[in-house]
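predicted model and sequence follow; I will ask about them next.
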2 protein chains.
Amino acid sequence: MDKPVDKPHEQIAALLADDLGAVNDLIRARMASRHAPRIPEVTAHLVEAGGKRIRPMLTLAAARLCGYDGPWHVHLAATVEFIHTATLLHDDVVDESAQRRGRPTANLLWDNKSSVLVGDYLFARAFQLMVEPGNLRVLNILSDAAATIAEGEVLQLTAAQDLKTTEDTYLQVVRGKTAALFSAATEAGAVIAGTDEDNVQALFTYGDALGIAFQMADDLLDWQGDAAQTGKNVGDDFRERKLTLPLIRAITEADAEEQEFWRRTIEKGRQTEADLDTARALLDKHGALDSTRQTALDWADAAKAALAPLPDHQLTDLLDELADYVVARLR
Amino acid sequence: MDKPVDKPHEQIAALLADDLGAVNDLIRARMASRHAPRIPEVTAHLVEAGGKRIRPMLTLAAARLCGYDGPWHVHLAATVEFIHTATLLHDDVVDESAQRRGRPTANLLWDNKSSVLVGDYLFARAFQLMVEPGNLRVLNILSDAAATIAEGEVLQLTAAQDLKTTEDTYLQVVRGKTAALFSAATEAGAVIAGTDEDNVQALFTYGDALGIAFQMADDLLDWQGDAAQTGKNVGDDFRERKLTLPLIRAITEADAEEQEFWRRTIEKGRQTEADLDTARALLDKHGALDSTRQTALDWADAAKAALAPLPDHQLTDLLDELADYVVARLR
């Protein structure tokens, strides 16, 4: 019997085990607080909860495949994970979430106040970390990403329930909630490595496209996933009246009667138990799930194509496989 | 009849009118968002609400009295105001406040979600702004301040209701909620001016002591202020069970019966209408208001003493007067 092949992010983790260990040590050291023990309690709940560390791994891989052998990629990887953790804390407050990665959220275990303030602390710690390498270009990349993330979150909040939301707005939201940090992670790794501009641009484009493919897949699984497999409840986005790509495409194609249905369920938020099935049937009718799947696959292909100019390296190959992997559950 | 003398911060504002105008222009330009109009709406509500701009003024004054004639003090002043505005947005969520500067808070006008996410956006914008001058030492100062602020806020949250809170913890909270940004504002102004280390240290110490005096005065007025004059409701800290210096000192001196009173009202939060008067009587009995007033005056004197090595300059004199002014309402 064949030995099962590890998933690409597991192979990257194995290849970069020393680097990742250093990142984890740095994260633990910097989430400490001399004065406020609540901070490491809340942070540990999330940081130790077994996330896949995809974002810091992207920074480490980008730096290493560009030949970097200095120490600072570890700081930038920890920065990226802190920004991610801070946004999760704030997201769960904004979404009033009760579960994350199969465990109760920090806002439920402690309170919203702790989640807001500990998130702020992690943002500030992220900025301290990113200053340490002393590289101004990296600082621009990461502070720009932080602004894009926050702007995307506000945009998502105000676009929710708005039936006029366009695909452009959706893409902006997706860049904010996911792709901006992916692309900053890869770009910052390339820049700290001092590699040439073509490689920097290639790794930025890869991170951006990978993030978009990843988020589109997530949004699609919210409509058709298997809760046991994905850990997500199918229909959450519908219940929260979030305009993701499948819904935007179905609404664009809606006839008068369907428009009335969307106005009631999304705009006015008057939903009954049976509405989720009706909504899914309307998405199927207009091929919105199939076409979103195709768009996600196209973004994964774009991510793979972006890798072309990069050095031949085992990590380059694994980044290629990673792009396939994030959409594999859709094929 | 004598012409009334302007308050010191009004005199500083008049002297630095061009600089402050540039700061206001930069703030307006950077609080814009191409994609999310909610952001400038929420921000303008707070930024245009007629705050005194004390913090950005400290940066501008520190840089100018050290002889700076470059452009970057404006960026740093705007950074400081953005960090301040972001913390106000998040504070009002955490405190569930309904009023700020005599107007409804953003969390009331919009919602907590908008306040959390727009606060995050302003933090990110602050970091973008502080990167632009390209001065790594300034970046360290301001990112350290951001971490101290967030840590102080968490500490305040966990220390609330805790009768064992010490004066040391109180000072840590005060540095977090006020003095860290004051001292970062003055220190960053000195550093961007390229002045010598004695001046940098003097301006740091001035900002730290000024911030502590300012916050202690605020905490004292919560117990004995005149709402019509201060815009604060007397007794808010008692109702929110916040351990500020007057209360900490009264609790330290409490006999058994008084301890029982504090346990019921602060630890357990079972308060009746009459308890505020009883609490104030206990503070009076132990001289806690007088001794806190004296401590605040001592910090104001420390701020003035710190100015000794600085250049003779109209702004140095006005900073001296400002230290008197923040505690003048206590004398």
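On my side now, so go ahead. Residues are numbered from 1 along each chain as shown, chains lettered A, B, ... in the order given.

what's around the residue lying closest to A:Trp110 once chain neighbours are set aside, how many residues?
The shortest distance from A:Trp110 to any non-neighbouring residue, by C-beta to C-beta, 6 or more residues apart in numbering or on different chains, is to A:Val42 (6.0 Å). The way it works is simple: take the backbone N, C-alpha and C, and place the C-beta from them, glycine included. A:Val42 is flanked by 26 other residues according to other C-beta atoms under 10 Å in any protein chain shown.

got it, and A:Leu276?
With other C-beta under 10 Å as criterion, A:Leu276 counts 16.

correct me if wrong: it contacts A:Asp237.
No - the criterion here is C-beta atoms under 8 Å, and A:Leu276 misses it with A:Asp237 at 10.5 Å.

picking that back up, ok, and for the helix or strand containing the residue nearest to A:Trp110, which residues are buried?
Following DSSP states H and E, one finds A:Val42 within helix A:38-47. Going by neighbour count (16 or more other C-beta atoms under 10 Å in any protein chain shown), the buried part of helix A:38-47 is A:Arg38, A:Ile39, A:Pro40, A:Glu41, A:Val42, A:Thr43, A:His45, A:Leu46, A:Val47.

quick check, the residue nearest to A:Trp110 in contact with A:Val118.
Yes - using C-beta under 8 Å, A:Val42 and A:Val118 qualify as a contacting pair, with a distance of 4.4 Å.

buried residues, whichever helix in chain A runs longest. List them.
Looking across chain A with DSSP state H, the single longest helix is helix A:197-224. Buried residues in helix A:197-224, counted by 16+ other C-beta under 10 Å: A:199-200, A:202-224.

same question for stretch A:13-33.
Quick answer for stretch A:13-33 (16+ other C-beta under 10 Å): A:13, A:15-16, A:19-20, A:22-24, A:26-27, A:30-31, A:33.

returning to what we had before: quick check: the residue nearest to A:Trp110 vs B:Ala159, distance?
16 Å (C-beta to C-beta, to the nearest Å).

what's the burial count for A:Asp277?
10.

got the contact list for the strand or helix carrying it?
Following DSSP H and E, one finds A:Asp277 within helix A:275-285. The contact list for helix A:275-285 (C-beta atoms under 8 Å, 6 or more residues apart in numbering or on different chains) reads A:223-224, A:234-235, A:238-239, A:246-247, A:249-250, A:254, A:258, A:261, A:265, A:289.

give the rounded mean pLDDT of the helix or strand hosting A:Glu151.
Assigned by DSSP H and E, A:Glu151 falls within helix A:136-159. When pLDDT is averaged along helix A:136-159, the result is 92.

residues of that helix that come out buried?
So for helix A:136-159, counting by 16+ other C-beta under 10 Å, buried means A:136, A:138-159.

by contact count, what packs against it?
helix A:72-94, helix A:112-131, helix A:167-174, helix A:180-192, helix B:38-47, helix B:112-131 (3 or more C-beta pairs under 8 Å, 6 or more residues apart in numbering or on different chains; DSSP states H and E).

any chance of TSV for those helices, columns mean pLDDT and distance to A:Lys7?
Formatted as TSV, those follow (pLDDT from 0 to 100; distance: least, C-beta to C-beta, whole Å):
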stretch	mean pLDDT	distance to A:Lys7
helix A:72-94	93	19
helix A:112-131	92	27
helix A:167-174	94	23
helix A:180-192	98	17
helix B:38-47	76	38
helix B:112-131	92	32
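
hey, which of these is tucked in deepest?
Neighbour counts (mean count of other C-beta atoms under 10 Å in any protein chain shown) averaged over each of the helices and strands packed on helix A:136-159 peak at helix A:180-192, with a mean of 28.

next, the angle from it to helix A:112-131.
20 degrees (axes from the mean of the first three to the mean of the last three C-alpha atoms, to 10 degrees).

could you check the angle helix A:180-192 makes with helix A:136-159?
Using the same axes, to 10 degrees: helix A:180-192 against helix A:136-159 is 170 degrees.

how far away from the center of its chain is helix A:180-192?
14 Å (C-alpha atoms, centre = their mean, to the nearest Å).

packing partners for that helix?
Looks like helix A:180-192 contacts helix A:54-65, helix A:72-94, helix A:136-159, helix A:197-224 (3+ C-beta pairs under 8 Å, 6+ apart).

in JSON lines: those helices, plus distance to B:Asp92.
Shown next, in JSON lines, are the helices and strands packed on helix A:180-192 (distance: least, C-beta to C-beta, whole Å):
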{"stretch": "helix A:54-65", "distance to B:Asp92": "31"}
{"stretch": "helix A:72-94", "distance to B:Asp92": "14"}
{"stretch": "helix A:136-159", "distance to B:Asp92": "17"}
{"stretch": "helix A:197-224", "distance to B:Asp92": "31"}
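
out of these, nearest to B:Leu60?
helix A:136-159 (22.5 Å; C-beta to C-beta).

check the offset of the closest one from the chain's centre.
13 Å.

quick one on the thing from earlier: quick one: list the elements packing against the longest helix of chain A.
helix A:54-65, helix A:167-174, helix A:180-192, helix A:236-239, helix A:245-252, helix A:275-285, helix A:288-306, helix A:314-328.

mind listing what's buried along the last one?
Within helix A:314-328, the residues scored as buried using 16+ other C-beta under 10 Å are A:Leu315, A:Thr316, A:Leu318, A:Leu319, A:Asp320, A:Glu321, A:Leu322, A:Ala323, A:Asp324, A:Tyr325, A:Val326, A:Val327.

with respect to B:Pro309, which of those residues is nearest?
Distances from B:Pro309 to the buried residues of helix A:314-328, taken by C-beta to C-beta, are shortest for A:Leu315, at 54.4 Å.

how much space separates that closest one from chain B?
29 Å (C-beta to the nearest C-beta, to the nearest Å).

again with A:Thr205
In terms of C-beta to the nearest C-beta, A:Thr205 sits 21 Å off from chain B.

is it correct that that residue is in contact with A:Ala306?
Yes - counting by C-beta under 8 Å, A:Thr205 sits close enough to A:Ala306 to count as a contact (4.0 Å).

so who does whichever residue of the stretch 201-331 of chain A sits closest to chain B touch?
For the stretch 201-331 of chain A, the residue closest to chain B is A:Glu240, as judged by C-beta to the nearest C-beta, at 11.7 Å. Contacts for A:Glu240 (C-beta under 8 Å, 6+ apart) come out as A:Asp95, A:Ala160.

still on that earlier bit, of the contacts of helix A:275-285, which is the most crowded?
A:Pro246 (30 neighbours).

who touches it in this structure?
A:Asp219, A:Leu220, A:Trp223, A:Leu283, A:Ala288, A:Leu289, A:Thr292.

go with 10 Å
A:216, A:219-220, A:222-224, A:237-238, A:279-280, A:282-284, A:286-293, A:295 (C-beta atoms under 10 Å, 6 or more residues apart in numbering or on different chains).

perfect, that will be all.
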